[in-house]
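S.K.: Sequence isn't available, so here's the structure alone:
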């Protein structure tokens with residue numbers, strides 16, 4: 001695949017099959033993790049249908065630092081599997097990567113299920129693995145019905161409720177794209193925010209069956225919803241602004257403390273002798289912490 005030179009890609013274009021013995025984790029697995037409900041669910045999923053979402057790794061000195069997929073890796077080890085398909089990161093973003101990725105978005109989950117079905121895996125088996133009933137599988141497979149592909153691409157990694165997609169279906173393609181842009185700009189993907197956009201839409205922007213009948217009540221309804229949403233947005237903004245300030249201060253303190261530790265030759269020598277496997281990770285985290293406050297200030 002030809003990639004435009006002016007775009008910095010986060011991952012290489014092709015996947016790579018990597019031996020598990022060559023993949024290094026950034027931290028040891030917590031005690032008791034094998035007994036957790038989450039791990040048992042992932043273990044059952046990997047055993048039933050394999051790893052559908054690749055692990056994310058960063059190549060360094062012939063080894064691969066695991067950025068995302070620790071529980072999947074542990075499940076593969078438990079099952080005695082030797083290799084796994086991985087995404088190759090172009091940068092070591094271990095510090096920030098795992099803070100941003102917590103779970104599959106609805107669209108990612110839809111694509112995962114679709115790929116599993118295309119491989120011939122029965123829907124009953126997928127439902128059992130995901131611990132949902134067959135109607136839940138059908139609902140997930142119908143997620144993007146009447147959703148324009150451009151909108152699906154924009155919202156691919158966003159966590160929207162299924163009701164939000166139901167509201168988007170009431171809009172024509174152009175209005176769907178406008179709604180997606182508004183949700184992304186506001187970083188709000190709730191049902192109430194989507195309803196506000198729907199109510200504020202003109203008749204021409206809606207599909208026939210969704211066009212509002214009570215035209216005289218539209219203005220009052222729009223105003224009420226807009227006022228409620230604006231109040232919520234103001235509260236969210238104030239709370240987020242405070243959280244960013246607190247986080248910035250914590251990063252400055254943590255970064256300075258870790259840097260002083262690593263600048264201490266005795267401490268660094270001790271770590272290199274007894275904990276050599278984490279020294280590189282600590283250096284990386286220290287550098288990230290030093291850069292984080294500057295990034296926040298620029299924003």
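M.R.: Structure's in. What do you need? What you are looking at is a predicted structure, and each value in this text was computed from that prediction instead of being measured.
S.K.: After the lowest-mean-pLDDT helix or strand in the chain, which helix or strand is next? Please name it.
M.R.: For the chain, using mean pLDDT, DSSP states H and E, the weakest element among its helices and strands is helix 94-100, scoring a mean of 44. Following helix 94-100 in sequence order, the next helix or strand is helix 106-118 (DSSP states H and E).
S.K.: who does the helix or strand following that following helix touch, helix- and strand-wise?
M.R.: The helix or strand immediately downstream of helix 106-118 is helix 123-130, counting by DSSP H and E. Applying 3 or more Cβ pairs under 8 Å, 6 or more residues apart in numbering; DSSP states H and E, we find helix 123-130 packed against helix 37-49, helix 106-118, helix 134-141. C-beta here means a position set from N, CA and C on the backbone, and glycine is covered the same way.
S.K.: Including mean pLDDT, distance to residue 17 and mean neighbour count, could the ones you listed go into JSON lines?
M.R.: Shown next, in JSON lines, are the helices and strands packed on helix 123-130 (pLDDT from 0 to 100; distance: least, Cβ to Cβ, whole Å; neighbours: other Cβ atoms under 10 Å):
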{"stretch": "helix 37-49", "mean pLDDT": "81", "distance to residue 17": "16", "mean neighbour count": "16"}
{"stretch": "helix 106-118", "mean pLDDT": "84", "distance to residue 17": "17", "mean neighbour count": "17"}
{"stretch": "helix 134-141", "mean pLDDT": "88", "distance to residue 17": "28", "mean neighbour count": "14"}
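S.K.: Any chance of TSV for the ones you listed, columns distance to residue 181?
M.R.: What follows is those, written out as TSV (distance: least, Cβ to Cβ, whole Å):
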stretch	distance to residue 181
helix 37-49	34
helix 106-118	16
helix 134-141	25
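S.K.: Looking at these, which is nearest to residue 251?
M.R.: Residue 251 lies closest to helix 37-49 among the helices and strands packed on helix 123-130, at 28.0 Å (Cβ to Cβ).
S.K.: Provide the strand pairings for the helix or strand following the closest one, with the direction of each partner.
M.R.: As assigned by DSSP H and E, the chain's next helix or strand after helix 37-49 is strand 55-60. With DSSP bridges as the test, strand 55-60 is paired with strand 63-68 (antiparallel), strand 83-89 (parallel).
S.K.: Return the distance of strand 55-60 from the chain's centre.
M.R.: 17 Å (Cα atoms, centre = their mean, to the nearest Å).
S.K.: Return the set of buried residues in that strand.
M.R.: 55-59 (16 or more other Cβ atoms under 10 Å).
S.K.: For the protein, which segments count as helices?
M.R.: In the chain, the helices defined using DSSP state H lie at 37-49, 70-78, 94-100, 106-118, 123-130, 134-141, 149-154, 162-168, 173-186, 191-199, 218-263, 265-274, 276-298.
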